[in-house]
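Visitor: Give the three-dimensional model of this entry:
(one chain, ligands or ions: 1)
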Amino acid sequence: MSEEATPTPVEERDDELASEAGEPEGIDQEAIERRSAALSEVVKFGEPVLRSAASPVAEFDDELAAEADRMIGLMRDAIGVGLAATQLGTLRRMLVFQVGSEAEPTVLVNPEIEWRSEDATTAEEGCLSLPGVHVDVERPTYVRVRAQDSAGEPILVEASGLEARVIQHEMDHLDGVLILDRTPRDQRKEAMRTLRERLEAA
Ligand code: ZN
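Guide: Here you go, the predicted model:
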């Protein structure tokens, strides 16, 4: 399965970027600064909004389109592959994803999983809202998702592998579900320890 061969966590392409450990190779100072500015706008674990269910979008106006563009910009600056509105503190059912730098960024508003495969895959995921946490998550390998774009036009997305994983991860955010809820107990305990240490250090 392609995502098993992908060493990068689902929401973060490279966790070591801009980390305290020092500067990674192949990324300039400006990109590091852009990344930390973007990450500072992402709501982190402990904020109740991350545990809240988002509401369906009813109005497709300029403000919504602008917010979708802002989300795409932040996702890219954060060097992430997906971002849910909830992670910016907004409880509306909207997410963006872009798997691979060649892919077009996609906005999904009011996404619904129409079909999911019985075939499932386990792979490591990270989350921009859970700094330093990487845990194994099992998810259906294939999904078909109905949604609207930021103008309200219907879209149908058939996704597999990493793309399917990212979409499901972001849709979980819209229901207040985090990867901590989907990982084995021992990994959750370890992740909670990491988060506590980060919170205390902050
Ligand atoms: Zn996430």
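
Visitor: contacting residues for Asp172?
Guide: Counting by Cβ atoms under 8 Å, 6 or more residues apart in numbering, Asp172 makes contact with Leu178, Ile179, Asp181, Arg182. C-beta: built from backbone N, CA, C; applies to glycine.

Visitor: Now list the buried members of these.
Guide: Among those, the ones that count as buried by 16 or more other Cβ atoms under 10 Å are Leu178, Ile179, Arg182.

Visitor: from the residues you listed, which single one is nearest Gln148?
Guide: In terms of Cβ to Cβ, no member of those lies closer to Gln148 than Leu178, at 24.8 Å.

Visitor: Correct me if wrong: that closest one contacts Cys127.
Guide: Yes. Between Leu178 and Cys127 there is a contact under Cβ atoms under 8 Å: 6.7 Å.

Visitor: would you list the buried ones among the contacts of Asp172 in JSON lines and tack on distance to the ion, pLDDT and secondary structure?
Guide: JSON lines is the format used below for those (distance: Cβ to the ion, whole Å; pLDDT from 0 to 100; DSSP: H, G, I helix; E, B strand; the rest coil):
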{"residue": "Leu178", "distance to the ion": "7", "pLDDT": "98", "secondary structure": "coil"}
{"residue": "Ile179", "distance to the ion": "7", "pLDDT": "98", "secondary structure": "helix"}
{"residue": "Arg182", "distance to the ion": "11", "pLDDT": "97", "secondary structure": "helix"}
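
Visitor: Spatially nearest residue to the residue of the chain found nearest the ion (excluding sequence neighbours)?
Guide: Across the chain, the shortest distance to the ion (Cβ to the ion) belongs to Cys127, at 3.2 Å. Nearest non-adjacent residue to Cys127, counting by Cβ to Cβ, 6 or more residues apart in numbering: Glu11, 5.0 Å away.

Visitor: any idea how far the one you found lies from Ala58?
Guide: For Glu11, the distance to Ala58 (Cβ to Cβ, to the nearest Å) stands at 27 Å.

Visitor: Which one's more surrounded, those two?
Guide: Glu11 (28 against 9; other Cβ atoms under 10 Å).

Visitor: what's that one in contact with, if anything?
Guide: Counting by Cβ under 8 Å, 6+ apart, the residues that Glu11 touches are Gly80, Val81, Gly82, Leu83, Glu125, Gly126, Cys127, Leu128, Val166, His169.

Visitor: taking these one by one, which sit in helices?
Guide: Among these, DSSP state H puts Val166, His169 in helices.

Visitor: from the contacts of Glu11, which two are the most distant?
Guide: Maximum distance among the contacts of Glu11 (Cβ to Cβ): 14.0 Å, for Leu83 and Glu125.

Visitor: So for the two, which residue has more residues nearby?
Guide: Leu83 (31 against 25).
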